[in-house]
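Visitor: show me the folded form of this:
(3 chains)
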Amino acid sequence: MRMPEPLLSIRDLEVSYGAVRVLFGVSLDVQAGEIVSIIGPNGAGKSTVIKAVVGLVTTQTGSIVFDGQSITNLPPHRIPALGIGYVPQGRIVFGRMTVADNLELGAFLQTNRTRRQQAVERVFEQFPRLYERREQLAGKLSGGEQQMLAIGRALMLDPKLVILDEPSLGLSPKYVDVIFDHLISLKQQGRTLLMVEQNAARALELSDRGYALELGRNRFSDSGNKLLANDDVRRMYLGG
Amino acid sequence: MAERADPILRTHDLHRDFGGVHALRGVDLQVRRGSITGLIGPNGSGKTTFFQVVSGVDRGASGEVWFDEQQILGLKPYEIYHRGLARTFQLSRVFPDLTVLENLVVAAHRHDAGARERALGLLERVKLQDYLQVRGENLSYGQQKLVEFLRVLMSEPSLILLDEPAAGVNPTLRQTLWDMVRHLNALGTTFLVIEHNMEVIADLCTEVYVLSDGEIVTHGDFAAIRNDERVLEAYFGKARIPVAEHGSDAHA
Amino acid sequence: MPVRQILLAIVLVGIALVIPHFASDYHVSFLVQLFMMVALAQAWNLISGMTGYVSFGHAAFFGIGAYAGTLLLQAGSPWWLAILQAAGIAGLVSVPLGLLTLRLRGPYFAIAMLGLNEVGRIIATLWVDVTRGGNGITIEPATLPSLASNYYAMLLLAVMATALTAWVYYHRFGLELRAIREDEGAAEMVGVNTTRNKLTAFVLSALIPGAVGTVYAFYTSYVNPSSVFAPSLNIQMIVMVVLGGSGTVWGPVLGATLVTALREVLWANFPALHLAAVGGLLLLCVLFLPGGLLSIGQMRKRLRAELAKGSGGG
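Guide: Numbers count the residues shown, from 1 in each chain, chains lettered A, B, ... in the order given. Okay, the predicted model is just below:
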């Protein structure tokens, strides 16, 4: 059976921050409908891969193809329109605006008011908690709720691919469960997820496939479960 | 590098709560005098908070911090500095508009001729003596990191907290830094090092403390702890029983 | 401090000392204002240029000094004592004010100082029993110092302010202030007692305007809220230092000279243009020459050094 074209395909990615080379030729694929995780110790370059995809860092060499289209070095403001929703690291929300306004901002590209409203309602359906807190200032939400809001905002333009940078960072264990359950639900809706995660075990549990990076290079790639059971993967975090 | 039995730094039941987020949950740690001790742990484990508390920047913690058998919890950073405990930062915080010489002299206990001589001596060790009058902002990043390291040496501290010294630094420069650390250690300076780079830890440290979720999980020789299940779990995470429904491969 | 600069200072002061003997009253008056501006610029430079706490309301201390000095003179103090006492009062008041405002960062500190200036103006306007409110106080000529005395008093203040700045700059205190300006957190981490240093700079920067305000009141023989708690004075203090070279010793002198000269020229022919011109200069400076005019010399020095290094085979 011929493998369908991956929704996202990264080949031989090389990225540098000034004179410091961070990625030395990373490759990965994400098939439509999958959850794929990128794991690895600190400094492995996981976040850099994501940032290269959404255009926040410059790709020196290599290619990034999304839905059949090359998006290598596309400026970040062109990314949402293509169907990619990006949830950056650190629960970045506009603290002094309400939950509802934050969501609306996620869809500012959508000029049709009705469609925007529909999108907001869809997010509230996904996250009833946000509906309850829709008039509250985003800065007053708990960490977990802010993360929901950040994800909700990324969903406003109905993306095919949702990219998440460390969704569990700084969240209490209970909220990690909550957020990860939501991610599974997103997959069931037919969306594709690519995430960078520090909590490798939890991420691999829910991923179809995973890529383990070390010092800017591919090290292991396999199904989520197989990576989870792989001793070498675990030792990668503590050297040698 | 003779290690003595008494700890130069001792924390007891250190707690730091940021309105609901328990960054430190009763940290008990001892740094042996004359050692190079490592402090490792995943992101968010509380390592930086620990440094902030010990160096006096964060004064909202409870518990005890003993430096040289004196309680320092609650003292201001400059007071702690003058007692002999210095700290570097992850990102270089060289004073941009001051010259290299001024950057160094300002950190000495007394700004006198002795300080200038010491500054010059330190710069010669790393071959930066020609950069005396260059402003901080005109140095390359690597040079800035070096100067920042030299800066804390100006007061001849007995304990230095190194915050990710290898971050963003090329291998040659790293080697220069390690040589200086070892040299100073041989002369009696104690180091406590936060690092993510395990090669560095393995290379430099005689003892390692592992912090996870605000608590010390274990400590000891790096070779021993790196195989410790608890440590692996701290970094890799704890998996729940995989749920079959989301259609992944059958569990091997 | 470099010998050349000390010699230059001596020469300038020497000339200034003898001028009243053969210059007209008009020129002497101009110089009184010039010396006043130099002193104020150095004071602002101390807290804002060197320490990095940019104040938008330092005229507050000028106003406090003007009123305090006037009232003390009327209460019987000899004029020279009144100046010292007024400076002392300004300094005293600045301690609790500093403890409050110096906790604030950047823009908040700037606006807090602006607010203080306004508070000063309002108190002066409302406390009619003491200050005669909006009408102001006209001082009895009999007790006032002569123009020459005012001249020498202002000159002394300008010299002292500049000497203080120079001393601060070339000693430990100045280095610590500049480190605070660059990165207060890092300064704290290398042993600088930031609280004590900031407060000291703040108090010193209040003493000078306090004295200067008094001399100004004696010079004009009249004090009223809007003339001494003057917003335009706040702006001029900023412009003079930024134009000349913030954080340096001679920058404020250069800037004060230019601004005062500009004012004289415009006042005669296009009075309305004065503030606009000053504002325009500030804008150009901030955009193209953030280091002020003095930095032009620095840039040339650096350029020469770069060229020398390059050809020397670095």
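Visitor: so which residues of the chain form strands?
Guide: No chain specified, so I'll use chain A. Per DSSP state E, chain A carries strands over the ranges A:8-17, A:20-30, A:35-39, A:59-66, A:69-70, A:84-87, A:161-165, A:192-196, A:209-214, A:217-223.
Visitor: meant chain C actually
Guide: Using DSSP E, strands in chain C cover C:137-138, C:222-223.
Visitor: check C:H21 and give its pLDDT.
Guide: The model reports C:H21 with a pLDDT of 85.
Visitor: what about A:E135, distance to chain B?
Guide: Taking CB to the nearest CB, to the nearest Å as the measure, A:E135 falls 22 Å from chain B. Every C-beta, even on glycine, is put in place using the N, C-alpha and C of the backbone.
Visitor: tell me which element B:A23 falls in.
Guide: Here B:A23, judged by DSSP states H and E, is contained in strand B:21-32.
Visitor: who does that strand touch, helix- and strand-wise?
Guide: When contacts are defined as 3 or more CB pairs under 8 Å, 6 or more residues apart in numbering or on different chains; DSSP states H and E, strand B:21-32 sits against strand B:7-18, helix B:47-54, strand B:190-194, strand B:207-212, strand B:215-220.
Visitor: and chain A, is the shortest one touching that?
Guide: Read it as strand B:190-194. No. Strand B:190-194 lies apart from chain A when judged by CB under 8 Å from any CB of the partner chain; the minimum separation is 11.1 Å.
Visitor: neighbouring contacts of the helix or strand following that strand?
Guide: For strand B:190-194, the succeeding helix or strand toward the C-terminus, using DSSP H and E, is helix B:198-204. Helix B:198-204 is contacted from outside by A:41, A:238-240, B:36, B:38, B:40, B:165-166, B:174, B:178, B:181-182, B:191, B:193, B:195, B:208, B:222-223, B:226, using CB atoms under 8 Å, 6 or more residues apart in numbering or on different chains.
Visitor: check which residues of helix B:198-204 are buried.
Guide: B:198, B:200-202, B:204 (16 or more other CB atoms under 10 Å in any protein chain shown).
Visitor: what of stretch C:66-78?
Guide: Quick answer for stretch C:66-78 (16+ other CB under 10 Å): C:66-73, C:77.
Visitor: dump those residues into JSON lines; add distance to chain B and pLDDT as well.
Guide: Below are those laid out as JSON lines (distance: CB to the nearest CB, whole Å; pLDDT from 0 to 100):
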{"residue": "C:A66", "distance to chain B": "35", "pLDDT": "95"}
{"residue": "C:Y67", "distance to chain B": "37", "pLDDT": "95"}
{"residue": "C:A68", "distance to chain B": "35", "pLDDT": "95"}
{"residue": "C:G69", "distance to chain B": "37", "pLDDT": "94"}
{"residue": "C:T70", "distance to chain B": "41", "pLDDT": "94"}
{"residue": "C:L71", "distance to chain B": "40", "pLDDT": "93"}
{"residue": "C:L72", "distance to chain B": "39", "pLDDT": "93"}
{"residue": "C:L73", "distance to chain B": "42", "pLDDT": "92"}
{"residue": "C:S77", "distance to chain B": "40", "pLDDT": "89"}
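Visitor: need these in TSV (columns: distance to C:R121).
Guide: What follows is the buried residues of stretch C:66-78, written out as TSV (distance: CB to CB, whole Å):
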residue	distance to C:R121
C:A66	11
C:Y67	11
C:A68	15
C:G69	17
C:T70	15
C:L71	16
C:L72	20
C:L73	21
C:S77	24
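Visitor: inside helices: which ones of those residues?
Guide: Per DSSP state H, helices hold the following members of the buried residues of stretch C:66-78: C:66-73.
Visitor: quick one: which of the buried residues of helix B:198-204 is nearest B:A186?
Guide: Comparing the buried residues of helix B:198-204 against B:A186 with CB to CB places B:L204 closest, at 12.7 Å.
Visitor: give me the neighbour count for the residue of the stretch 101-250 of chain B found nearest chain C.
Guide: In the stretch 101-250 of chain B, the residue that lies nearest chain C is B:A107 (3.8 Å; CB to the nearest CB). Using other CB atoms under 10 Å in any protein chain shown, B:A107 has 27 neighbouring residues.
Visitor: show me the contacts for the nearest residue to it once chain neighbours are set aside.
Guide: In space, and not counting its chain neighbours, B:A107 is closest to C:V190: 3.8 Å by CB to CB, 6 or more residues apart in numbering or on different chains. Taking CB under 8 Å, 6+ apart, we find C:V190 in contact with B:78, B:81, B:86, B:106-107, B:151-152, B:154-155, C:179.
Visitor: let's have the residues you listed in a markdown table, adding secondary structure.
Guide: Listed next are these as a markdown table, based on DSSP: H, G, I helix; E, B strand; the rest coil:
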| residue | secondary structure |
| --- | --- |
| B:Y78 | helix |
| B:Y81 | helix |
| B:A86 | strand |
| B:V106 | coil |
| B:A107 | coil |
| B:R151 | helix |
| B:V152 | helix |
| B:M154 | coil |
| B:S155 | coil |
| C:A179 | helix |
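Visitor: greatest separation within these: which pair is it?
Guide: The distance between the two most remote of the contacts of C:V190 (CB to CB) is 15.1 Å, for B:A86 and C:A179.
Visitor: where in chain A is pLDDT low?
Guide: A:1-3, A:240 (pLDDT under 70).
Visitor: scan it for its longest helix.
Guide: Assignment by DSSP H gives helix A:173-188 as the longest helix of chain A.
Visitor: count the neighbours of C:E182 for me.
Guide: 21.
Visitor: so the closest residue to it other than its chain neighbours, which state does it fall into?
Guide: Once flanking residues are discounted, C:E182 sits nearest to B:F95: 3.9 Å by CB to CB, 6+ apart. The assignment at B:F95 comes out as coil when based on three-state DSSP.
Visitor: is B:F95 in contact with C:G185, as I believe?
Guide: No. Applying CB atoms under 8 Å, one finds B:F95 not in contact with C:G185, separated by 11.3 Å.
Visitor: so for the two, which residue has more residues nearby?
Guide: More crowded of B:F95 and C:G185, by other CB under 10 Å: B:F95, with 27 against 12.
Visitor: now the helices for the stretch 1-150 of chain C?
Guide: Ranges of helices in the stretch 1-150 of chain C, per DSSP state H, counting those that start in this stretch, are C:3-22, C:25-44, C:59-75, C:79-101, C:106-126, C:128-131, C:147-170.
Visitor: of all those helices, which lies closest to A:A107?
Guide: Closest to A:A107 of these is helix C:106-126 (CB to CB; 32.7 Å).
Visitor: buried stuff in the closest one?
Guide: C:109-110, C:112-114, C:116-117, C:120-121, C:123-125.
Visitor: repeat that for stretch A:56-72.
Guide: Using 16+ other CB under 10 Å as the test for burial, stretch A:56-72 gives A:56-57, A:59, A:62, A:64-67, A:71-72.
Visitor: what's the farthest-apart pair in the residues you listed?
Guide: A:V57 and A:D67, at 21.2 Å, using CB to CB across those.
Visitor: how close does C:L156 sit to C:V32?
Guide: According to CB to CB, to the nearest Å, C:L156 and C:V32 sit 12 Å apart.
Visitor: again with C:L147
Guide: 8 Å.
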